[in-house]
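Colleague: starting from these lines, generate the structure:
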Amino acid sequence: MITAQDKILHVANKLGLTSLKDMQASTGAVYDVDTELSGLLFTNSARHQNPGITNITENQFEVNEALLIETISFYASSNTHRPLNLQQQLGSNAIIVFDLVIGNKRVMKDTPIFASGSPYTFASVGQRLQGTTSGVILQYFPRHQVYMEGAGILIPPQVQYYVDYRVYDIVTGDVLTLPENRSLGCYLFGTKVLLNFNTSI
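Modeller: Numbering: from 1, shown residues only. You can find the predicted model right below:
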């Protein structure tokens, strides 16, 4: 079985990054919100001033940094940068179709994620319960937004990346737009390699 570290080291060796073997892996994530609803995520430097919107300053990693994406998630965001349930914002017929571009290559193309989650393919909203009255659940809240697991794609050091997305009604085929003061966000979560200071200093 190939581990996350094996994939990272294989790509690093192909790129000639020999120092990566002296680094330690940890959990990492990058996220960005398309406040302009441009259809692009991880690209606009104007968004990179507010940690409520993004945690990156540019859409590429430094020399000794890489991320093996294991989960890709989409979520709606309010104008106060609070995560919202996509199904509540777009309806249960909504589907997000996205491309993941690393460098000049589309490593994922026309990949679907449904806003309603289960039972569709690999997407799931995930829910927690909010209170009960006489055994009746009062409200469902999202624990996660819609996500795809098991991506297994590496973003190597110093290579630009971005997500290009479209939102459709799966029944009518119409292009959907989020309500006013709502944005679409995405996070890429997985195994990240950083400098191992035990061996680097």
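Colleague: what residues of stretch 28-41 count as buried?
Modeller: Gly28, Val30, Tyr31, Asp32, Val33, Asp34, Thr35, Leu40, Leu41 (16 or more other C-beta atoms under 10 Å). (Each C-beta comes from the backbone N, C-alpha and C, glycine too.)
Colleague: then stretch 75-95?
Modeller: Buried positions in stretch 75-95, judged by neighbour count with 16+ other C-beta under 10 Å: 75-77, 83-87, 89-90, 93-95.
Colleague: isn't Arg106 right up against Ile153?
Modeller: No. Applying C-beta atoms under 8 Å, one finds Arg106 not in contact with Ile153, separated by 11.2 Å.
Colleague: which residues are common contacts for the two?
Modeller: Leu100 (C-beta atoms under 8 Å, 6 or more residues apart in numbering).
Colleague: between these two, which one's more packed in?
Modeller: Using other C-beta atoms under 10 Å, the more surrounded residue of Arg106 and Ile153 is Ile153, with 17 against 13.
Colleague: on that earlier part again, and the furthest pair within the buried residues of stretch 28-41?
Modeller: Farthest pair in these (C-beta to C-beta) is Gly28 and Thr35. Separation: 23.2 Å.
Colleague: all strands for this structure, in order.
Modeller: 24-34, 40-41, 66-78, 83-84, 94-102, 105-114, 127-133, 136-142, 146-155, 161-169, 182-194 (DSSP state E).
Colleague: wait, which of those strands is closest to His48?
Modeller: Counting by C-beta to C-beta, His48 lies closest to strand 24-34 out of these; the figure is 8.5 Å.
Colleague: name the residues that touch the closest one?
Modeller: 4-5, 8, 40-42, 44, 47, 53-56, 67, 77, 81, 165, 183-194, 196, 198.
Colleague: try stretch 44-55
Modeller: In contact with stretch 44-55 (C-beta under 8 Å, 6+ apart) are residues 29-36, 38, 42, 56-58, 77, 80-81, 185.
Colleague: how long is it from one end to the other?
Modeller: Using C-alpha to C-alpha, to the nearest Å, the end-to-end distance of stretch 44-55 comes out at 12 Å.
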